[in-house]
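[1] please work out how this folds:
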Amino acid sequence: MNTPMTMPRAVLAAMLLTSTAAGAATPVLSARDQGAAFRAAGFSLQGKQWRQCDDPSPAYVPGEIAEVRDLNGDGRPEALITESSSACYGHAGAGYALVSRQADGSWKKIAGGTGMASFLSTRGKDGWPDIEVGGPGFCFPVERWNGKAYVLQRHQYEGKACRPGR
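    Down below sits the predicted model:
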């Protein structure tokens, strides 16, 4: 069975890019919005690669926009940006940043960290989906938006409550 850690990158990217709420079309960001989203997430353009991590290894995968959709129903897009590097992200091997387009057209980082972000059907304040942060192991943190930030809300594995380290 393939998991996000063993799935070929192209297959995983295709799955992420086509997964949208209620089958809606995936929005496409302009080159200007892509650059603004990467910068808001803390990435810098080095050559033709958006990087947050300084990993020279051949296994490094530079920043990419893995998903674009309106997560909270406000009519503006959010972008999930991912980067892969065991040197920078340890055993999880990946990091993520969630950025949101603001009413004035600017982009703002909403959440980010080490691991692989998955949006759940459960929701926090203002309609923001809970985020399960996957990585090594079998008990993953789930963060919920409290109106100001994503904070740890619970731990789960395959939708069932669990306790880390047990």
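
[2] list the buried residues of stretch 32-47.
    Buried residues in stretch 32-47, counting neighbours by 16 or more other Cβ atoms under 10 Å, are found at 33-34, 36-38, 40-41, 43. For every residue, glycine as well, the C-beta is placed using N, CA and C.

[3] which of the residues you listed lies closest to residue 104?
    Closest to residue 104 out of these is residue 36 (11.5 Å), distances taken as Cβ to Cβ.

[4] backbone dihedrals for the closest one, please?
    phi -60, psi -40 (degrees, to the nearest 10).

[5] export the buried residues of stretch 32-47 to TSV and append columns for pLDDT and distance to residue 120.
    What follows is these, written out as TSV (pLDDT from 0 to 100; distance: Cβ to Cβ, whole Å):
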residue	pLDDT	distance to residue 120
33	98	26
34	98	26
36	98	27
37	98	22
38	98	25
40	98	23
41	98	21
43	98	25
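
[6] between those, which sits nearest residue 108?
    The nearest one, if we look at these relative to residue 108 and count by Cβ to Cβ, is residue 40, at 5.8 Å.

[7] contacts only, for the closest one.
    The neighbours of residue 40, taking Cβ atoms under 8 Å, 6 or more residues apart in numbering as the test, are 99, 106-109.

[8] what segments of the chain are strands?
    44-46, 49-51, 61-69, 78-84, 94-101, 107-114, 116-123, 129-134, 140-145, 150-157, 160-161 (DSSP state E).

[9] for these, which one sits closest to residue 28?
    It is, among these and with distance given as Cβ to Cβ, strand 61-69, at 7.2 Å.

[10] what helices and strands are in contact with that closest one?
    helix 9-18, helix 31-40, strand 49-51, strand 78-84 (3 or more Cβ pairs under 8 Å, 6 or more residues apart in numbering; DSSP states H and E).

[11] ok, the last one: who's next to it in the sheet?
    Translated: strand 78-84. strand 61-69 (antiparallel), strand 94-101 (antiparallel) (DSSP bridges).

[12] kindly export the longest one (C-alpha atoms) in PDB.
    So that's strand 61-69. The C-alpha trace of strand 61-69 is given here as PDB (Å, rounded to 0.1, in the frame of the first residue of the first chain):
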ATOM      1  CA  VAL A  61      12.700  18.900  -3.400                       C
ATOM      2  CA  PRO A  62      12.200  22.700  -3.600                       C
ATOM      3  CA  GLY A  63       9.100  24.500  -2.600                       C
ATOM      4  CA  GLU A  64       6.000  23.900  -4.700                       C
ATOM      5  CA  ILE A  65       2.400  24.900  -4.500                       C
ATOM      6  CA  ALA A  66       0.700  21.500  -3.800                       C
ATOM      7  CA  GLU A  67      -2.900  22.800  -3.600                       C
ATOM      8  CA  VAL A  68      -4.900  25.900  -4.200                       C
ATOM      9  CA  ARG A  69      -8.500  26.300  -3.000                       C
END
